[in-house]
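1. Mind folding the following:
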Amino acid sequence: MNFQQLRYVRETVRQGLNLTEAAKKLFTSQPGVSKQIRELENELGVEIFVRHGKRIVAVTEPGKAVVEVIERLLQEAENLKQVGREFKDQAAGTLTIATTHTQARYSLPKVVGAFKRRYPRVHLTIKQGNPPQLAEMVIAREADMAIATEALDNYPKLLALPGYEWRHCVVVPAKHPLAKEQRLTLEMLARYPVVTYDPAFAGRSRIDEAFQAQGLSPDIVLSAVDSDVIKTYVELGLGVGVIAAMAFDGKRDRHLRALEAGHLFGTMTTRVAVRRGAALRGYAYTFIELFSPRLTRKLIETALAGKAETYEL
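-> Next up, the predicted model:
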């Protein structure tokens, strides 16, 4: 038994039991992956996979138990490497953040600036995607942490902690009729075409739920992942925009007006998620605390150790 065999089994499961795709991810050949898995099965005395000819079609019952153990073993092996890296050089390494466009554009610039001043020798990478993609990146160890509003707390393999709260606003051209209203209602918004986020992003689910609760069906004429795109099309007269309030800048967006909408859609929570059981570098804890000062290293380590189940803002 060796770590190579364990990685081959794990990657085969991750690639939906497709040996060809697993081999590509592992930079090896499909026959080599198949042979190594067979050798591991022979050594263990159980079949991990159900086969139909040369194809793997399912994971056996004992195979499910084996896969769980393999995940833990490989996680601990990575943790050992992290411990070595931490003590070898605490101020150098890599850190990969998976996040949405809104967070990358509006929440993270000051955090990244402060972090790079403190850790100039840490190579920082920011990967963007929708929240489910971000969660999968962290689970697959393609990112050290994910930052998003939607979905992260739906994955048992992740520890998702609340970072900060925010609210939506409505953006309209300066001379739009809604700009004269003192307090918006959903009925007012529903009279106009709406431009807002893609369903997977930035609290879009809360927007949909609010309209549905009032029995309203807004005409959403355009959905986007980018707040700047939404504002651009609002300026062009396509409709009224619903965006994260943090994405509006009175100086930069001088042709638009931002109208309070927190009472319509409620308060949203952006979370930071890491893999359960992961050993984080010291500077990863620093990045999280710069992003949300309440998320101290002690709090995160306590949560990762399973000594507390929930944390609220």
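
2. next structured bit after the lengthiest helix in the chain?
-> Counting residues, the longest helix found in the chain (DSSP state H) is helix 61-88. Next along the chain after helix 61-88, taking DSSP states H and E as the criterion, comes strand 92-99.

3. avg pLDDT for the helix or strand following that following strand?
-> Sequence order places helix 101-102 as the next helix or strand after strand 92-99, per DSSP H and E. For helix 101-102, mean pLDDT is 90.

4. and helix 101-102, how far from the chain's centre?
-> 11 Å (CA atoms, centre = their mean, to the nearest Å).

5. what does whichever helix or strand comes after that helix rub up against?
-> Later in the chain than helix 101-102, the nearest helix or strand by DSSP H and E is helix 109-118. Defining contact as CB atoms under 8 Å, 6 or more residues apart in numbering, one finds that helix 109-118 is touched by 122, 124, 126, 283, 286-287, 290-291. Every C-beta, even on glycine, is put in place using the N, C-alpha and C of the backbone.

6. Kindly recompute the last result at 10 Å.
-> Residues outside helix 109-118 that contact it (CB atoms under 10 Å, 6 or more residues apart in numbering) are 91, 95, 97, 103-104, 108, 122, 124, 126, 147, 283, 286-292.

7. can you pull out the helices in the chain?
-> Going by DSSP H, the chain shows helices at 3-14, 19-26, 30-44, 61-88, 101-102, 109-118, 131-139, 186-189, 204-213, 227-235, 262-265, 282-291, 297-304.

8. could I get those helices as CSV with distance to Leu178?
-> Formatted as CSV, the helices of the chain follow (distance: least, CB to CB, whole Å):
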stretch, distance to Leu178
helix 3-14, 48
helix 19-26, 50
helix 30-44, 59
helix 61-88, 51
helix 101-102, 23
helix 109-118, 30
helix 131-139, 29
helix 186-189, 6
helix 204-213, 16
helix 227-235, 11
helix 262-265, 12
helix 282-291, 34
helix 297-304, 42
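
9. quick one: which of the ones you listed has the weakest pLDDT on average?
-> helix 61-88 (a mean of 78).

10. What is it packed up against?
-> Helix 61-88 sits against helix 3-14, helix 30-44, strand 49-52, strand 55-59, strand 92-99, helix 282-291, with contacts defined as 3 or more CB pairs under 10 Å, 6 or more residues apart in numbering; DSSP states H and E.

11. Name all residues that make contact with Tyr197.
-> Contacts of Tyr197 (CB under 10 Å, 6+ apart): 100-102, 149-150, 168, 203-205, 207, 220, 223-227, 229-230, 241-244.
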